[in-house]
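> I would like to see how this sequence folds:
(one chain, ligands or ions: 1)
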Amino acid sequence: MKDIRSITYTELEDFLLSINEKKFRAKQIWTWLWQKGVGSFDEMTNVSQALRTQLAESFTFHRAEIAIEVNSKDKTAKFAFRFHDRRFVEGVLIPSGDRVTACISSQVGCPLKCSFCATGTMGFLRNLHYSEIVDQYILMDKRAHELYGNGISNIVFMGMGEPLLNFDNVMTAIDKLTAKDGWGLSPTRITLSTAGVIKGIKALADRKFPCGLAISLHSADPVVREVIMPVTEHNNLHDLQAALVYYHQKTGARVTFEYLLLSKVNDSRQAAEKLARFCRPFPVKINIIEYNETPGGLYHRSYPNQREEFIEYLQSCNMVVNVRQSRGQDIAAACGQLLQNQQ
Ligand code: SAH
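Below you'll find the predicted structure:
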């Protein structure tokens, strides 16, 4: 049996015609699924009971559930979502001022094995379906209203997984979230973060990706980067830079680089110079991230003076630099700490 949220609009219309229902019912059902975000056929109150029963006999309706919620003292909330096959991913809500940012996952686990990231240690289990990505939004948006009195204002694809290795599902999920007849979120409030999958970056450029793009760069030295981020082996820095030039040409957008400072690994003056040189061809913003401890982690945070010197050098090159405050560390909800450990 197919899942009701994996079929197209035309397939839904065809199904309705095949059971002698009016085609326009498709619109009603579609609105329940992709705008109101219901979790069962029974919630489709303007659909007759007979049709609801027929739908339930013909399709599954897989809806994720919140299996665990942990609330941090800094108001960050971490969620474990459970899917129909009992796999889990994590998502995080981060309130600040009027904003509520939702950090969502794109894969169960991750194939990339970045040496500093907890998610990499669990390996890759499967891609998320677009409905499973949207479910994280629907469920966390409801909780955001309850917890903070505001819904989600921003979405970052910075949870588990590499979004560009689940390209089609991530794009469809973004379409649903931004569609005028969907949730209508502004694409400028959505950011996709990638470890630097070149094929995916080019594909984003070709479709004039309207959302923000962040690159987890973490080193502009080819040797160091390949050690800490094995994805570099088949996506080298030279080609990554060329892909970003292309991206900038196609979209006109400024790219954000995330740079995780690891003591004695990528925080020297030379490392800062290499970073500045790497960024020369396009306008960028640098987000400095502090290392969060992970179970069995190999690294240490940079010393504050080392960090300051690194930042000052970049600023002396007229680069825009932010230090990103990592939140939710007391509940292991911070960057790189998302790990499936509930099975
Ligand atoms: N795969 C995508 C999406 C994950 S984003 C990507 O790599 O961009 C998660 C962010 O947290 C990335 O920038 C990642 O490099 C960073 N991160 C991973 N481990 C971390 C750690 N231990 N401390 C701080 N940030 C970490």
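> quick one: name whatever helix or strand follows the helix or strand where K27 lies.
Per DSSP states H and E: K27 is located in helix 25-31. Downstream of helix 25-31, the first helix or strand assigned by DSSP H and E is helix 49-58.
> buried stuff in that following helix?
Residues of helix 49-58 classed as buried: L51, R52, Q54, L55 (neighbour count, 16 or more other CB atoms under 10 Å). Heads up, the C-betas are built off the backbone N, CA and C, glycines and all.
> now the helices for the stretch 51-200 of the chain?
Assigned by DSSP state H, counting those that start in this stretch, the stretch 51-200 of the chain shows helices spanning 118-121, 130-148, 167-178, 198-206.
> looking at those, which one is packed in the most?
Most buried of those, by mean neighbour count (mean count of other CB atoms under 10 Å): helix 118-121, with a mean of 23.
> could I get the CA-only coordinates of the lengthiest strand in the chain as CSV?
Counting residues, the longest strand found in the chain (DSSP state E) is strand 88-96. Output in CSV follows, covering the C-alpha atoms of strand 88-96 (Å, rounded to 0.1, in the frame of the first residue of the first chain):
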residue,chain,number,x,y,z
PHE,A,88,14.5,8.1,15.0
VAL,A,89,16.0,11.5,14.2
GLU,A,90,16.4,14.5,16.3
GLY,A,91,15.2,18.1,15.9
VAL,A,92,15.8,21.2,18.0
LEU,A,93,13.9,24.3,18.7
ILE,A,94,15.9,27.4,19.6
PRO,A,95,14.0,30.5,20.7
SER,A,96,15.7,33.9,20.7
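> tilt between that strand and helix 130-148?
Going by axes from the mean of the first three to the mean of the last three CA atoms, to 10 degrees, strand 88-96 is angled at 40 degrees with respect to helix 130-148.
> which of the helices and strands in the protein ranks last by mean pLDDT?
Ranking every helix and strand in the chain by mean pLDDT, DSSP states H and E puts helix 118-121 at the bottom, with a mean of 87.
> who in the stretch 151-300 of the chain is up against the ligand?
Counting by CB under 6 Å from any ligand atom, the stretch 151-300 of the chain comes close to the ligand at M158, E162, S193, T194, A195, S216, E258, L260, I289, Y291, N292, T294.
> got a quick ChimeraX command for the buried subset of those?
Applied in ChimeraX, the following selects the buried portion of those according to 16+ other CB under 10 Å:
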select :158,162,193,194,195,216,258,260,289,291,292,294
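> would you convert the residues of the stretch 151-300 of the chain next to the ligand into JSON lines that also reports pLDDT?
As requested, these are exported to JSON lines (pLDDT from 0 to 100):
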{"residue": "M158", "pLDDT": "96"}
{"residue": "E162", "pLDDT": "98"}
{"residue": "S193", "pLDDT": "98"}
{"residue": "T194", "pLDDT": "98"}
{"residue": "A195", "pLDDT": "98"}
{"residue": "S216", "pLDDT": "98"}
{"residue": "E258", "pLDDT": "97"}
{"residue": "L260", "pLDDT": "96"}
{"residue": "I289", "pLDDT": "94"}
{"residue": "Y291", "pLDDT": "91"}
{"residue": "N292", "pLDDT": "87"}
{"residue": "T294", "pLDDT": "79"}
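> okay, and which of the residues of the stretch 151-300 of the chain next to the ligand map to strands?
Short answer: these in strands (DSSP E) are S193, T194, S216, E258, L260, I289.
> mind giving me the packing neighbours of the helix holding K27?
Helix 25-31 is packed against helix 9-18, with contacts defined by 3 or more CB pairs under 8 Å, 6 or more residues apart in numbering; DSSP states H and E.
> what's the mean pLDDT across the helix it packs on?
Averaging pLDDT along helix 9-18 yields 97.
> same deal with stretch 169-187?
Mean predicted lDDT for stretch 169-187 stands at 97.
> got it, and stretch 81-94?
96.
> that stretch and the ligand in contact?
No: contact of stretch 81-94 with the ligand (CB under 6 Å from any ligand atom) is absent, the minimum separation being 10.6 Å.
> next one: that stretch to chain centre, how far?
On the basis of CA atoms, centre = their mean, to the nearest Å, stretch 81-94 sits 13 Å off its chain's mean C-alpha point.
> what's the span of that stretch from first residue to last?
Stretch 81-94 has an end-to-end distance of 17 Å (CA to CA, to the nearest Å).
> report the buried residues of it.
Applying a neighbour-count criterion of 16+ other CB under 10 Å, the buried positions in stretch 81-94 are F81, R82, F83, R87, F88, V89, E90, G91, V92, L93, I94.
> ok, now stretch 64-78?
A64, I66, V70, S72, T76, A77, K78.
> run a quick neighbour tally on the closest residue to G123 other than its chain neighbours.
Of all residues not flanking G123 in the chain, G109 sits nearest, at 5.2 Å (CB to CB, 6 or more residues apart in numbering). G109 has 21 neighbours, counted by other CB atoms under 10 Å.
> G109 against T119, yeah?
Yes: between G109 and T119 a contact is recorded at 6.6 Å, counting by CB atoms under 8 Å.
> just confirm Y299 is within a strand.
No: using DSSP: H, G, I helix; E, B strand; the rest coil, the assignment for Y299 is coil, not a strand.
> next up, the contacts around it.
For Y299, the contact set (CB atoms under 8 Å, 6 or more residues apart in numbering) comprises S115, F116, L262, S263, V265, Y291.
> and V245, by the same measure?
Contacts for V245 (CB under 8 Å, 6+ apart) come out as P281, F282.
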